[in-house]
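# just coords:
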């Protein structure tokens, strides 16, 4: 038999002014099942809470309704009080007499009448509440970070510094990512490699970090605290345990004409290679596509030359399974392929290059040793035209967004070029300059005012190569209001920042959403910028949106804080507002499985004692369920119910309103 | 036998007669009947919309209405300007019901919007699909062509289906003839267009740049689909050369002429003897002259003087 | 007999003889009625019949334990029944290998197909099954009524309902272990045969068909009271196609219409 | 006094409609809270049933409200793209699209079922919505032809 206590709060004058609280308490006392009904000036105060606690103890209450402010305000307060008095906190409900009644109605009798209704509804609901207990989920205190760029490195280092284990998975043979390819960084012009390489080494040598380079995530199963990840370790053909990184193999490799991905295809590499001299780990891999030993069975020079016998042509991909409690996605970005712009030569003009190619030209370790020389003939260009917003903010190309970093790196490029070629002319076409950031506007001003970059506001309509090899750049100067035509030797396009190709697959594996552009979706754009819809999966860096290095690093550290927070306790406690499947009723039409935004509803095989599958039903993984109840309403059999908002409870609420 | 409506427009019986001749020849070869719209009028070209917007729509409207009345589902408008006006009118009518009603009052003919307008490139590509591709016995091996689209075969998002910045509607047909398409820069630049009469100097500058780039790219000829471009590049080339801007001797051929050549049609039948910049020498590389050919060349030379 | 019955019989016999199926689900003649035939032996195939009076949707039997225990089985299926099979596949009630189709239509027998072949046939041959024109006319009439008239119309239609649930039993899509109408904690739908219970039942039955009903007509045929259930079914199918561009029972991998979404689903009625 | 107050509504002049609102916890309920904190006054006839998400709303809830004699039903949740659970409101929208058409065919007249998106920031929109819905239902009068209404025995 239900024994319900009702507690009406005056909230000072806030409720009491328009609602006759004593009358509400009197009316409530008459409701079936209500054994105590009291009103008090401030129910949330210590004496108020004590009043509830005493009533719970003395009256052996089975349920409590506190009629006060919005539950968003004090539900936790009152539930905690109930728990302290020995009542399961989920047997307490609140009626919102303040925000939904006394504050929005002036007529005292009408407001009082409505208040009685609100209490009646909650009394009927709470009678049908059942005790719920926080869901405990085991947490495997190891994190996996996907992507070994600056975002991944930073997240891994911070998690490792917090004393937790990290597996850092990187697709390419070395960590470092795009940042390792940059010449100098805005707005300080410090050398990118100088600041990055120590962090790379630190990541490799940290006892808490396991590096898995040349590896890709193949499958992700499980849920927060308990992910099971399958990682494909691609065949390296070089035994990293034996290799000392002496470099004899790639010096002697006869295949030396392979365009280097690291050098944005401007430099060359051998078939057995490390992407760049400071690579971490500094151990080569064999590019199976270009190695003649692997393709034709001829050569074998590297095996002969290797003093440690580390070369193994029989090496195979290996699948490794790891258990992790949290996943950080830091897969970064790539540049849009500007060959889709017919007016900029459709990718056919070799001296029309992208930002990364310019970075490699400007980098001291690049293919031209830091001299700006154009790809076609190796000449130093006397006029370089930089074009911003190439693809970005162009809805026709499907990218309505701003790539955020181009204004800054273009200013940097123009500056670097002017520093290296003193009599050279740097012309920048821009739509507008977006230099929001610490020291950023000063930086672009410096490019214009001190370093003599010529900024032209307008779009370029066409680039073509004249017979004498000059690139003719025609566009509009919209400030001067006239067309311009520039004879350039090199054109640098600030191509849009786009997510990594195939990133959708990884997102789907993890249950993370992505926007129309393919950038991963955060759980909330303002308040949960590093979490995702998938509990336990976090985002760092440009895989979420175009970002510069400081923002990327900040987000990576935020991820680490989230991961460390998650790992702080051995078990994770979650709100028990989750869906449950009545397996007797479920006919496995899979509508709920299709519906769940979190992948929490899953197939479950029911077996007999011999282990034969008798039936397959849906099951809710309480580690993943967030309690929205969409599956409940989708189920035609009503085989699913939602704790805290059961059909029975809602039915009672509706019936009370008759 | 397939049949397609035909709107020759003004230039195909005048300056663009080679276009008319070569198109009719190719259609016959591909066994497609061209049904000329009865009682057609001027499309308004570049002039009408400068004077009166209603007139600029009413003129093509009447042509479309007549075509619909005569049961023509598709109509070829070989002149790029005619194509642009006719198809553009279709697009505008579709967007605005008021406009359609207005035009019906002005022209006094109903039009539901059913007529589909084909450009020269769409039409020729269709002929290729309908079997013309198998009827090109001559390989124009070694012929270097610069396909020139100009504005009306590349611009107008809802009119031209090609990529405005790097159109390619002519390339496939040209490659099918065995000709080599050169990589050049001025395929969509302006030839001067409608300023042919009013601002001839501007035309000379613009057309000169096109010719210069084609020559620099090593083209033997420029291929076009627009009579206006053709006259600016072909007829005005003489003036460009005589005023010392450059010496090109660059024949300008219609796409249909190139295809006709590959199909083994005679130079005279194609109207290749009617060009200002002699095209016969080029043509003879693939269609060696009979005895009388010299006279034809002479006629052509005479015209060019 | 519309279809070439000999072909159906010999195909059924072959399947049974070769051990490819344990049961052939078809129709036989009993007096003026066409009733289901459950053939388990090749020598029994002679009873199999097919003509346009065979309106029962045999796919409804596929959820019965007695029938499921005899899988793999073959079923004589006209296009609507094939569509039911597609729905049952999409909703993971049957799988390839469990059900073989003996495809028939008014023209005759169209061979023995697996589910993938059935999907192909459906989409190639029966992509457009025109709805009954009298149904559309009736619907138009109802839609032209005032809400009061519509309310009166349906209360008259639902009034004779005895809640026998023959409609549910005849429907292959109604495969719930326990129907919502039988839930009593809480009891959402009154089981008494009076107006509000009848209204709720018919609304929810129709709504549970959204994105699923293949318009085979079996429910209406089964109704002893002649309630025009197809009006509701067709209306929902029409709305689903209009709103979500989805047609039921053509894609064995289809996502459920109610249970999936698109960002640009129409919402002009939401303020 | 108390009896008098509880009966005030029915005694009040003219027709005082009963409107049941199904709202989600994260947007519309919070929007109603904001209307309260902003002290926006609105009509007192709506009774809210709070659910975690509009995705939780079974069409049966709506039927049940009509069955009990509600003069109108209001359903409100997060704007598209704002759902706390990312897509519950999209699922709900599909259900409503079909269910409201079905109800309309069955004779539930226009102006008895309302749908809206109200965010946690839209206190004013919430107040306006409630006032507008109440005014419409008042003007339409009691839901006499309610086909779902439970009949008295």
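Looks like it came in fine. Values in this document were obtained by computation on a predicted structure and should not be read as measured data.
# any regions of chain B where pLDDT drops low?
B:1, B:290-305 (pLDDT under 70).
# quick check: domain ranges of it?
As given by automatic domain parsing, the domain ranges for chain B are B:3-120, B:137-289.
# which ones are touching residue A:44?
By CB atoms under 8 Å, 6 or more residues apart in numbering or on different chains, the contact list for residue A:44 reads A:9, A:68, A:69, A:74, A:77, A:78. Placement of C-beta: from N, CA and C, glycine included.
# that one and chain C: what is the separation?
33 Å (CB to the nearest CB, to the nearest Å).
# nearest to chain C: which residue in the stretch 101-250 of chain B?
residue B:158 (22.2 Å; CB to the nearest CB).
# same check on chain D?
Closest to chain C within chain D is residue D:107: 2.8 Å, counting by CB to the nearest CB.
# element containing the nearest residue to that residue once chain neighbours are set aside, please.
Take residue D:107 and drop its neighbours on the chain: the residue closest to it by CB to CB, 6 or more residues apart in numbering or on different chains is residue C:151, 2.8 Å away. Residue C:151 belongs to helix C:147-158 when assigned by DSSP states H and E.
# ok, residue A:113 next?
Here residue A:113 is assigned to helix A:108-127, by DSSP H and E.
# what sits against residue A:9?
Residues near residue A:9 by CB under 8 Å, 6+ apart: A:15, A:21, A:39-44, A:48, A:66-69, A:97.
# of the domains of chain B, which approaches chain A most closely?
Nearest to chain A, of the domains of chain B and by CB to the nearest CB, is domain B:137-289 at 2.9 Å.
# between the two ends of the closest one, how far is it?
17 Å (CA to CA, to the nearest Å).
# check stretch D:21-40 too.
18 Å.
# what's the offset of stretch A:67-81 from the middle of its chain?
33 Å (CA atoms, centre = their mean, to the nearest Å).
# which of the contacts of residue A:44 sit farthest apart?
A:9 and A:77 (11.3 Å; CB to CB).
# looks to me like residue B:211 is in a helix.
Yes: judged by DSSP: H, G, I helix; E, B strand; the rest coil, residue B:211 forms part of a helix.
# for it, give me its contacts.
With CB under 8 Å, 6+ apart, residue B:211 has these contacts: B:222, B:233, B:237, B:240, B:246, B:248, B:250.
# mind doing that once more with 10 Å?
B:146, B:148, B:186, B:191, B:219, B:222, B:233, B:236-237, B:240-241, B:245-250, B:252, B:277 (CB atoms under 10 Å, 6 or more residues apart in numbering or on different chains).
# how about residue A:126?
Applying CB under 10 Å, 6+ apart, the residues near residue A:126 are A:2, A:4-6, A:33, A:61-65, A:90-95, A:649, A:652.
# distance of it from chain C?
Taking CB to the nearest CB, one finds residue A:126 at 16 Å from chain C.
# counting neighbours, what do you get for residue C:48?
23 (other CB atoms under 10 Å in any protein chain shown).
# hang on, it packs against residue C:26?
Yes: using CB atoms under 10 Å, residue C:48 makes contact with residue C:26 at a distance of 4.5 Å.
# ok, now which ones touch the residue most central in space within chain D?
In chain D, the residue lying closest to the centroid (CA atoms, centre = their mean) is residue D:74, at 2.1 Å. Residues near residue D:74 by CB under 10 Å, 6+ apart: D:19-23, D:28, D:46-48, D:62, D:65, D:113-116, D:129-130, D:133-134, D:137.
# if we can go back for a sec, what helix or strand does the closest residue to the residue of the stretch 101-250 of chain B closest to chain C other than its chain neighbours sit in?
Distances taken as CB to CB, 6+ apart place residue B:91 nearest to residue B:158, at 5.1 Å, with adjacent residues excluded. In this structure, residue B:91 sits in helix B:80-95 according to DSSP H and E.
# which ones among the contacts of residue D:74 also lie next to chain A?
The subset of the contacts of residue D:74 within reach of chain A, counting by CB under 10 Å from any CB of the partner chain, consists of D:19, D:20, D:22, D:46, D:47, D:48, D:62, D:65, D:130.
# next, the third one: phi, psi?
If I follow you right, that is residue D:22. phi -100, psi 120 (degrees, to the nearest 10).
# OK, contacts around it?
Listed by CB under 10 Å, 6+ apart, the contact set of residue D:22 reads A:650, A:653-654, D:28, D:48-51, D:54, D:56-58, D:61-62, D:65, D:73-77, D:92.
# same thing with the fourth one?
The neighbourhood of residue D:46, defined by CB under 10 Å, 6+ apart, consists of A:100, A:114, D:17-21, D:23, D:32, D:72, D:74, D:126, D:129-131, D:133-134, D:137.
# which residue ranges form the helices in chain D?
Per DSSP state H, chain D carries helices over the ranges D:2-6, D:8-11, D:28-37, D:59-67, D:88-105, D:123-140.
# out of the ones you listed, flag the one nearest chain B.
helix D:88-105 (28.8 Å).
# and that closest one with helix C:147-158, angle?
Angle, helix D:88-105 to helix C:147-158, by axes from the mean of the first three to the mean of the last three CA atoms, to 10 degrees: 80 degrees.
# is helix D:88-105 anywhere near chain C?
Yes: counting by CB under 10 Å from any CB, chain C has neighbours in helix D:88-105: D:88-105.
# find the nearest non-adjacent residue to residue A:613, please.
residue A:605 is the one closest to residue A:613 (CB to CB, 6+ apart), at 4.7 Å.
# who does the helix or strand containing the one you found pair up with?
For residue A:605, the host element (DSSP H and E) is strand A:601-607. Using DSSP bridges, the strands paired with strand A:601-607 are strand A:613-620 (antiparallel).
# flag every buried residue along the partner strand.
Residues A:617, A:618, A:619, A:620 are the ones in strand A:613-620 that count as buried (16 or more other CB atoms under 10 Å in any protein chain shown).
# show me what the following helix or strand past it is packed against.
Scanning forward in sequence from strand A:613-620 by DSSP H and E, the next helix or strand is helix A:630-634. Counting contacts by 3 or more CB pairs under 10 Å, 6 or more residues apart in numbering or on different chains; DSSP states H and E, helix A:630-634 packs against strand A:579-581, helix A:591-595, strand A:601-607, strand A:613-620, strand A:640-642, helix A:647-656, helix D:59-67, helix D:88-105.
# run the last query once more with 7 Å
For helix A:630-634, the packing partners by 3 or more CB pairs under 7 Å, 6 or more residues apart in numbering or on different chains; DSSP states H and E come out as helix A:591-595, strand A:640-642, helix D:88-105.
# as CSV, these with mean pLDDT, distance to residue C:8 and mean neighbour count would be great.
Listed next are those as CSV, based on pLDDT from 0 to 100; distance: least, CB to CB, whole Å; neighbours: other CB atoms under 10 Å in any protein chain shown:
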stretch, mean pLDDT, distance to residue C:8, mean neighbour count
helix A:591-595, 93, 35, 23
strand A:640-642, 95, 42, 23
helix D:88-105, 95, 38, 24
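# so which of those gets nearest residue A:317?
Short answer: helix A:591-595, nearest of those by CB to CB, at 31.4 Å.
# off-centre distance for that closest one?
Centre-to-centre, helix A:591-595 and its host chain are 24 Å apart (CA atoms, centre = their mean).
# neighbours of the residue in the stretch 251-400 of chain A that chain C sits nearest to, just the number please.
Residue of the stretch 251-400 of chain A nearest chain C, by CB to the nearest CB: residue A:400 (15.2 Å). If you count neighbours by other CB under 10 Å, residue A:400 ends up with 12.
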